[in-house]
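Asks: Pasted the sequence and its predicted model underneath.
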Amino acid sequence: MSDNLFDIKIGNVSFRNPIALAPMGGITDSRFANEKAKDAGLVILGGYNLDAATQKAASEIVARGREEFESSEPLKLIESEIKAVNNGPVVAVNVRSSTVEPLIEAAKLVKDAGVILELDAHCRQKEIIDIGAGQALLTDLAKLCDWIKHIKETGVVLSVKVRANVVDDIELVQQIESAGADILHLDAMQEGAGADLKLIKNIRDSTRMFLICNNSVTDIEMAKDMFSRGADMVSVARGVLEDSALVSQLVNNISTQQKDMGWYNAPKHVCRGEGDLRGLAFCCLPVKPCPVHNTIKKLGYSAQEFTDVKMEYAKDTMLEFGDSTCFGSLVWCCKISKPCYLRDGVLETLGVSDAEYMRLKKELADYIIDNAKKPING
């Protein structure tokens with residue numbers, strides 16, 4: 001598949017596809033990435049322990065039988081590991097520290113290398129939490145946000161990895177975004193129940209950050225479930241230990257969907273109760289009692305304002321046409337995966353492919369959210 005099939009960017013960073021290799025302490029190094037994730041859009045190395053406190057904690061973790069990366073010169077290790085990753089995927093480096101200064105030094109190194117820094121606010125090993133690092137940062141938002149602000153002063157592209165269902169997730173995400181992070185890497189964990197898909201949708205509706213979702217991604221169906229709730233990218237971890245071809249399989253499957261449909265992470269319909277705010281692109285004219293009314297209120301729209309903003313976008317696009325459809329314009333038509341002979345007849349007459357139709361709907365979704373009366377992250 002072409003590296004240009006997906007248009008996925010953060011600042012000056014472009015990803016060739018939306019599949020990532022997640023960091024796993026003591027496991028995800030350059031050798032592992034080259035063997036297991038050569039086709040990925042992103043590989044996240046680490047986590048690496050930057051200061052004396054996290055290095056000591058790592059040694060204690062290793063002593064009780066878990067894997068961790070240990071190094072007396074972590075910045076040199078990181079630099080060499082970045083250089084050792086084969087060309088293709090974007091590289092990120094997941095790091096931990098009990099103080100902010102080593103994180104800033106790592107950010108400078110990573111920025112100069114042209115890769116992404118990921119702050120670990122996720123590790124729940126007791127030794128890491130006890131020194132105020134990893135998941136402990138979730139319960140000290142002031143410190144977490146202060147660290148993010150100082151790290152971002154280096155100009156690095158910054159991801160923050162968090163574990164779900166530990167604190168108030170919506171407040172956490174909005175604070176992280178306000179502090180300046182570029183990417184939220186969400187382990188959508190719910191204890192004993194796999195990935196929390198409802199939470200992914202709720203987080204998508206509360207932030208404009210680039211969203212990477214993780215947890216239980218072992219096949220394309222789970223990946224698609226996360227994409228349809230708003231994930232921009234999914235990351236795989238333990239699944240690659242059991243299936244070394246998993247990353248390549250996911251890339252091939254989602255690339256085929258993108259080629260056929262034009263919007264790989266298209267949302268579900270709002271009327272089903274599962275669609276995030278982007279699903280408003282598929283909503284009918286708001287003339288009947290329907291979940292669309294409560295959904296548009298989240299963006300501060302009245303029914304008339306919502307109607308107007310959709311028609312504003314449709315003007316001079318192919319979505320303006322469709323007199324024979326239910327509401328007289330393709331702008332009110334549903335997702336291409338839902339059968340509709342009226343919509344499909346118009347698309348055939350206009351010579352518009354399924355993929356082009358969905359690309360227009362994606363632009364429409366962005367237009368609706370960009371012009372909201374009430375910002376979703378505030």
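Replies: Yep, it's here. Numbering: from 1, shown residues only.
Asks: From now on I want contacts and neighbour counts done on CA atoms only, so please keep to that.
Replies: OK.
Asks: Using CSV, list the CA coordinates for stretch 193-213.
Replies: The C-alpha coordinates for stretch 193-213 follow below in CSV (Å, rounded to 0.1, in the frame of the first residue of the first chain):
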residue,chain,number,x,y,z
ALA,A,193,-13.3,-6.1,31.0
GLY,A,194,-11.0,-5.3,28.1
ALA,A,195,-11.0,-2.0,26.3
ASP,A,196,-13.5,0.7,27.4
LEU,A,197,-15.0,1.7,24.1
LYS,A,198,-17.5,4.1,25.6
LEU,A,199,-14.7,6.0,27.3
ILE,A,200,-12.9,6.3,24.0
LYS,A,201,-16.0,8.0,22.5
ASN,A,202,-16.3,10.3,25.5
ILE,A,203,-12.7,11.3,25.3
ARG,A,204,-12.9,11.9,21.6
ASP,A,205,-15.8,14.3,22.3
SER,A,206,-13.8,16.2,24.9
THR,A,207,-10.5,16.9,23.1
ARG,A,208,-8.9,17.8,19.8
MET,A,209,-5.6,16.1,20.6
PHE,A,210,-4.4,13.4,18.4
LEU,A,211,-5.7,10.2,20.1
ILE,A,212,-3.8,6.9,20.2
CYS,A,213,-5.8,4.1,21.8
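Asks: How about that stretch, which residues are buried there?
Replies: Buried positions in stretch 193-213, judged by neighbour count with 16 or more other Cα atoms under 10 Å: 195-197, 199-213.
Asks: Check the gap between T54 and D169 for me.
Replies: For T54, the distance to D169 (Cα to Cα, to the nearest Å) stands at 25 Å.
Asks: Which one's more surrounded, these two?
Replies: Neighbours per residue (other Cα atoms under 10 Å) separate T54 from D169, with T54 holding more: 25 against 18.
Asks: mind checking the SS state of that one?
Replies: Secondary structure for T54, judged by DSSP: H, G, I helix; E, B strand; the rest coil, is helix.
Asks: Just the pLDDT for it.
Replies: With respect to pLDDT, T54 has a value of 97.
Asks: Quickly note the distance from I212 to L285.
Replies: Distance, I212 to L285, by Cα to Cα: 32 Å.
Asks: same deal with R359?
Replies: 20 Å.
Asks: What of H185?
Replies: 35 Å.
Asks: More neighbours: which of those two?
Replies: Neighbour totals were compared for H185 and L285, and H185 leads with 26 against 19 (other Cα under 10 Å).
Asks: Do I have it right that that one meets V173?
Replies: No. Using Cα atoms under 8 Å, H185 is not in contact with V173; the gap is 10.3 Å.
Asks: Output the below-cut-off pLDDT ranges for the stretch 1-150 of the chain.
Replies: Where the stretch 1-150 of the chain drops to pLDDT under 70, the residues are 1-3.
Asks: which residue ranges form the strands in it?
Replies: 8-10, 13-15, 19-21, 42-49, 90-96, 116-121 (DSSP state E, counting those that start in this stretch).
Asks: and the ones you listed as a markdown table, adding distance to L250?
Replies: Shown next, in a markdown table, are the strands of the stretch 1-150 of the chain (distance: least, Cα to Cα, whole Å):
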| stretch | distance to L250 |
| --- | --- |
| strand 8-10 | 16 |
| strand 13-15 | 15 |
| strand 19-21 | 7 |
| strand 42-49 | 13 |
| strand 90-96 | 17 |
| strand 116-121 | 22 |
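Asks: Which one of those strands lies nearest to M233?
Replies: Among the strands of the stretch 1-150 of the chain, strand 19-21 comes nearest to M233, with 5.8 Å by Cα to Cα.
Asks: so how far is that closest one off the chain centroid?
Replies: Here strand 19-21 is found 11 Å from its chain centre; the criterion is Cα atoms, centre = their mean, to the nearest Å.
Asks: what do you get for stretch 347-358?
Replies: For stretch 347-358, the distance to the chain centre is 28 Å (Cα atoms, centre = their mean).
Asks: Could you do stretch 197-210 as well?
Replies: Taking Cα atoms, centre = their mean, one finds the center of stretch 197-210 at 9 Å from the center of the full chain.
Asks: Could you tell me how far the residue lying closest to V43 once chain neighbours are set aside is located from A164?
Replies: The shortest distance from V43 to any residue other than its chain neighbours is 4.7 Å, reached at L21 (Cα to Cα, 6 or more residues apart in numbering). L21 is 19 Å from A164, where distance means Cα to Cα.
Asks: cool, L50 as well?
Replies: According to Cα to Cα, L50 stands 24 Å off from A164.
Asks: try P375
Replies: Counting by Cα to Cα, the gap from P375 to A164 is 23 Å.
Asks: So those two - more neighbours on which side?
Replies: Between P375 and A164, counted using other Cα under 10 Å, the more crowded position is A164 (22 against 15).
Asks: my guess is the more buried one contacts H185, does it?
Replies: No. Taking contacts as Cα under 8 Å, A164 lies outside contact range of H185: 10.2 Å.
Asks: And the chain, what are its domain boundaries?
Replies: Here the domain assignment for the chain is 8-261, 270-370, based on automatic domain parsing.
Asks: residues in contact with Y301?
Replies: Contacts for Y301 (Cα atoms under 8 Å, 6 or more residues apart in numbering) come out as 372-373.
Asks: where does it land on pLDDT?
Replies: If you check Y301, the pLDDT there is 97.
Asks: tell me the secondary structure for S248?
Replies: For S248, the assignment made with three-state DSSP gives helix.
Asks: now it, nearest residue through space, not along the chain?
Replies: Nearest residue to S248, sequence neighbours excluded (Cα to Cα, 6+ apart): D39, at 5.7 Å.
Asks: likewise G322?
Replies: G322 sits nearest to S329 (Cα to Cα, 6+ apart), 4.4 Å away.
Asks: who's in contact with that neighbour?
Replies: Here S329 is in contact with 319-323 (Cα under 8 Å, 6+ apart).
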